[in-house]
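> Make a model of this:
(one chain, ligands or ions: 1)
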Amino acid sequence: MPESVDPRDLLLQTFGPGGESWLVYSPGRVNLIGEHIDYHSLPVFPIAMRRRILAAFRARADNRIRAVSAGPYGVREFEWTPGLEPVGAGDWENYLRAAAETVRRKWGTGRGVDAAVVSDLPPAAGLSSSSALLVAFTLGLLRANNHLAVFEELMEVLPDGEQFVGTRGGGMDHAAVLGSRKGCASLIGFDPLSIRAVPAPNDWAFLVAHSLTTAEKSGAARELYNSRRVAGSVALKRLGYPSYKAVVENHTPEEMEALAAERLPTIEEQDSFRHVTGEALRVGAAVGALERGDAEQFGRLLVASHASLRDKLKISSPALDELVDAALASGATGARLTGGGFGGCTVVFCLKRDLPSVREELIRRFYASRPEFDERAHLIAGEPGPGALYAEA
Ligand code: GLA
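Numbers count the residues shown, from 1 in each chain. The predicted structure is shown next:
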């Protein structure tokens, strides 16, 4: 990965000399727990990573947006006009267009930019490289036009911006990418929007382990992802509650199980409802465990979350399951798939003192027999870093 390239050099090499440039730092995120519930407006608990997109920007006098990305992605160029439409599926220009359209909807169109992007964040790994790109360009265009935007204003528009690219996700990724604090996990609520930094215990470690299979957001995984959202929403509507929050706050786990078993007609709806409500309870418990420094309890909750995603929501895959099992057999205190599922990464949790042995054993058990394994790209330290609003680029 071309992370050693300075984006300012790339900007100069590609587009020649120009006016003042500035950098935007936009990290990836790893969700610790609270999977497939942000779009039902339930709280989630991610961290921002130290891996990031770094973009250099320069304002232009006209409305063109030109961007280059290091590596195989190449140069893209278009005019920033109202009502931009996506280009071909899977093209990175879509994220630039999404950012332009996102800014346009709240602040209007304005001056374009020349931009250069470098990244050490693996794409399609469930680490929000796409949201990091969307956030980076949104912040770049805002600054080029002298707009100052705070977290709440950005969160009004960014999740919808992502839908421009096709996934009906929730707001977790943008909130974590923007608003995380160094050394902390972020408890993110959506009803109403809130973000609370919860310091992670110093002796805890997270390792992001790639399953060596990817989930392309623009491909089949998108339909599968969206279908889970629909099933959960249909179940809620059938039961007649205004929100999942109302369900979780007003019922015991036994009552929620009775609602699922007695009033929902299909296994798909029942299990979606069970996953969403169960995961909401696990998030609350995990925040408490992290605050108390109760690693055993936190680990158990991660394992339970994975089981629910595998057996109830059915968004895991053989590779993800094998990797989680290998991590636990390697001495991890907890492990689960992270992100949208169907491939991508797992988050592995252990005490810092156990990290070297867990890592070594995980390589032996899972990666050693897989020639495509590249340690730098596939086993990433999940140290909680700052979000785009708090990072020094
Ligand atoms: C993707 C979406 C998020 C969230 C996760 C699953 O990453 O972008 O909003 O729904 O999947 O938790």
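> Break down the stretch 101-250 of the chain into its helices, ranges please.
For the stretch 101-250 of the chain, applying DSSP state H, counting those that start in this stretch gives helices covering 129-144, 151-163, 172-179, 220-239, 244-250.
> Pull the distance from stretch 317-329 to the chain's centre.
20 Å (C-alpha atoms, centre = their mean, to the nearest Å).
> how about that stretch, does it get close to the ligand?
No - against the ligand, stretch 317-329 shows no contacts by C-beta under 6 Å from any ligand atom, the least distance being 13.4 Å. (Glycine included, C-beta is placed from N, CA and C.)
> Can you check the distance spanned by stretch 59-70, start to finish?
End-to-end span of stretch 59-70 (C-alpha to C-alpha, to the nearest Å): 20 Å.
> outside of that stretch, which residues touch it?
The contact list for stretch 59-70 (C-beta atoms under 8 Å, 6 or more residues apart in numbering) reads 2, 5, 7, 10-11, 14-15, 19, 74-81, 92, 96, 100, 109-119, 137, 141, 144-145.
> among those residues, which are in strands?
Members of those lying in strands (criterion: DSSP state E): 74-79, 113-119.
> can you list the domains in the protein?
Here the domain parsing of the chain from automatic domain parsing is 7-186, 204-381.
> Quick one: the ones you listed as a markdown table, columns for mean neighbour count and distance to L389 too.
A markdown table is the format used below for the domains of the chain (neighbours: other C-beta atoms under 10 Å; distance: least, C-beta to C-beta, whole Å):
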| stretch | mean neighbour count | distance to L389 |
| --- | --- | --- |
| domain 7-186 | 21 | 5 |
| domain 204-381 | 19 | 22 |
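> Can you add distance to S194 and mean pLDDT and give the ones you listed back as CSV?
Below are the domains of the chain laid out as CSV (distance: least, C-beta to C-beta, whole Å; pLDDT from 0 to 100):
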stretch, distance to S194, mean pLDDT
domain 7-186, 8, 95
domain 204-381, 13, 96
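> how near is the closest residue to Y241 other than its chain neighbours to R263?
Residue nearest to Y241 in three dimensions, not counting chain neighbours: V247, with 5.0 Å by C-beta to C-beta, 6 or more residues apart in numbering. V247 is 12 Å from R263, where distance means C-beta to C-beta, to the nearest Å.
> Name the SS class of the closest residue to S330 other than its chain neighbours, please.
Spatial nearest neighbour of S330, excluding adjacent residues (C-beta to C-beta, 6+ apart): E361 at 3.6 Å. Secondary structure for E361, judged by DSSP: H, G, I helix; E, B strand; the rest coil, is helix.
> Residues of the stretch 1-150 of the chain that sit close to the ligand?
Residues of the stretch 1-150 of the chain lying close to the ligand by C-beta under 6 Å from any ligand atom are 31, 35-36, 38-39.
> just to revisit the earlier point, which of the domains of the chain sits closest to A197?
With C-beta to C-beta as the criterion, A197 lies closest to domain 7-186 of the domains of the chain, at 3.9 Å.
> That closest one: end-to-end distance?
29 Å.
> i'd like the first residue to be 517 from this point on
All set: I'll call the first residue 517, so the last point we hit is now domain 523-702.
> do you know how far T854 is from L723?
Distance from T854 to L723, by C-beta to C-beta: 11 Å.
> How about R712?
On the measure of C-beta to C-beta, R712 and L723 end up 24 Å apart.
> ditto for G695
Taking C-beta to C-beta, one finds G695 at 24 Å from L723.
> what does V819 give?
Counting by C-beta to C-beta - V819 and L723 are separated by 15 Å.
> just E807 next, same as before
22 Å.
> Could you do L775 as well?
Using C-beta to C-beta, L775 is found at 37 Å from L723.
> go on, I879?
Between I879 and L723 the distance is 11 Å, computed by C-beta to C-beta.
> Find residues that contact each of the two.
Common contact partners of I879 and L723 (C-beta under 8 Å, 6+ apart): L895.
> Which helix or strand contains F789?
Per DSSP states H and E: F789 is located in helix 783-808.
> by contact count, what packs against the very next helix or strand once past that helix?
Sequence-wise, the next helix or strand downstream of helix 783-808 (DSSP H and E) is helix 811-827. Packing contacts for helix 811-827, counted by 3 or more C-beta pairs under 8 Å, 6 or more residues apart in numbering; DSSP states H and E, involve strand 537-549, helix 783-808, helix 834-845, strand 850-853, strand 861-867.
> Just the C-alpha atoms of the last one, please, in CSV.
What follows is the C-alpha trace of strand 861-867 in CSV, where atoms were taken according to Å, rounded to 0.1, in the frame of the first residue of the first chain:
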residue,chain,number,x,y,z
CYS,A,861,-12.4,-8.3,9.0
THR,A,862,-12.8,-9.6,12.5
VAL,A,863,-12.0,-7.7,15.7
VAL,A,864,-9.9,-9.7,18.1
PHE,A,865,-9.7,-8.7,21.7
CYS,A,866,-7.2,-9.6,24.4
LEU,A,867,-5.0,-8.1,27.1
